[in-house]
Every structure is written in C-alpha cells, then in structure tokens.
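[1] would you be able to build a 3D model of this:
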Amino acid sequence: MSDLSNLKLFATQPHPCSYLDDREATTLFIDPDAHVTKSLYSQLTGLGFRRSGRHLYRPHCATCQACVSCRIPVRDFEPTRNQKRCWRRNQDLALAFVDDISTDEHYALYADYISTRHRDGDMYPPSRNQYDAFLSSEWGLTRFLEFRLGERLLGVAVCDQLEDGLSAVYTFFDSREQRRSLGVYGILAQIDRAREQGLKYVYLGYWIKQCQKMAYKTQYRPLELLIERRWQRLR
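    Numbers count the residues shown, from 1 in each chain. The predicted structure follows:
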C-alpha cells in the first residue's frame, strides 16, 4: 500500500461544467510531480480518481455530487441480449494488446472519430499533440487493445492496468461501422480481458444520472457506484 497522506492536492477555480449546463465544476488534481506507482494509482482509482493524460483528478464540487464513479464486477457481469448479439457480430475481429499507438494509422482513426462523433466536444478539432497528451502511456501501466478486421484497424480501447482491474480510459473506432456497435464491443472486450487476467473490475469513470451521454454505463450489470466512500451496487 502507498502512503496517501503525503500527496499534494490542487483544486481548480470553479468553471462551467462539461456535462450539466446549469452547473459549475471544481476539479481536484493530484500533484503532477508525484511518483505514481501501480499501487498508488489503484488506490486512487478505488477512491474515485480518474486519469486524463498525465493528470489524476476527481470532481470536487461544493454544491453538486452528480459525478459518481462506477465499475463493473467482471465475475458477476451478465451481458444483455443486445450485448450478446454485439459480441457474436464481432467474432470476425482480432483482439490484441499493443504497446504503442503513436503511428499515423492510429492517429488517423482517432482524428476521424473525433471529427465525426464529437464535433461538439472540447477535443474538437483533433490534433496530434492533443492525441499524444491525452492517450499517452503513463507510468508504464497503459495498454492499447486493438480490434482489427484482417489488416484493417477498426478500433482501439485505451486502458490502464490496475492491481484489481482495468481502468477504461477511452475508446475510439471507425464510426462508419455502425452495425458493429464498436463502443459496446470495446467495453465487452475489456471485460473479457480483465476476466482472463483474473482481475475483479473494469472501471468506467463517472456516471451522471442527469446526463444522457452517460446513460449507456447503466446497461452493464451489475454496476457498482462509489457513494459516500463505499462501493454499492446500482439497483
């Protein structure tokens, strides 16, 4: 176990919330100069922290607790009919972990995904610097799960290796392959790989009940939520 008591924390000034239009947000960051080990990162994830690039953060809003950390207990996970169909539909894809996604091929897929799916988000327009900073391999714990159809790259699930699970950082894919539901497939693939490794959880980041974009996370059951510092199953 790492000692959390010596960690320095920094809070941002209140700023417009990215998810709820009528709210202000404050974010708590771990000292970017802190030495992050797998043990420390795992403990912080269990306490509701999340990674973006080289930064570990957690919402710290004075009047709002809408952001709730969530995770899938993979041993108990039961796919829905639609999720089973999605998994079967993509059995022609090859899944493999790779150590690096700094190639032009990977960036082109990411840039196309942001430009077609997230033109209204703060990651548009995409840039190579943004891509490298956001999805870079941090602390030797990041893995990249590719989905390929033959030689053709269809998607990448970026995940961090924790002591008790995988933290799903981001997934990008060929948005023209709508029939494949590659976003769903990316989560199912990480559940499958976590189970293979004997890990307990796939961490999905934050769920916000009032945010429609986050609604998909409740489709993976059972789902555990971090409420008042205790992990509890969503009913």
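[2] what's the span of stretch 100-109, first residue to last?
    14 Å (CA to CA, to the nearest Å).
[3] ok, now stretch 22-36?
    By CA to CA, the extent of stretch 22-36 from end to end equals 35 Å.
[4] pull out the buried positions in it.
    Ala25, Thr26, Thr27, Leu28, Phe29, Ile30, Val36 (16 or more other CB atoms under 10 Å). In this view, the C-beta of every residue, glycine as well, is placed from N, C-alpha and C.
[5] now that stretch: mean pLDDT?
    Confidence over stretch 22-36 (mean pLDDT, whole number) is 93.
[6] try stretch 137-147
    The average pLDDT within stretch 137-147 is 92.
[7] CA atoms of it as PDB?
    As requested, C-alpha coordinates have been extracted for stretch 137-147 and formatted as PDB (Å, rounded to 0.1, in the frame of the first residue of the first chain):
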ATOM      1  CA  SER A 137       1.200   5.600 -22.000                       C
ATOM      2  CA  GLU A 138       1.600   6.800 -18.400                       C
ATOM      3  CA  TRP A 139       3.700   5.300 -15.700                       C
ATOM      4  CA  GLY A 140       4.200   2.100 -17.700                       C
ATOM      5  CA  LEU A 141       0.600   1.000 -16.900                       C
ATOM      6  CA  THR A 142      -1.300   1.800 -20.100                       C
ATOM      7  CA  ARG A 143      -2.300  -0.800 -22.600                       C
ATOM      8  CA  PHE A 144      -3.900  -0.500 -26.000                       C
ATOM      9  CA  LEU A 145      -6.400  -3.100 -27.100                       C
ATOM     10  CA  GLU A 146      -6.800  -3.100 -30.900                       C
ATOM     11  CA  PHE A 147      -9.700  -4.500 -32.900                       C
END
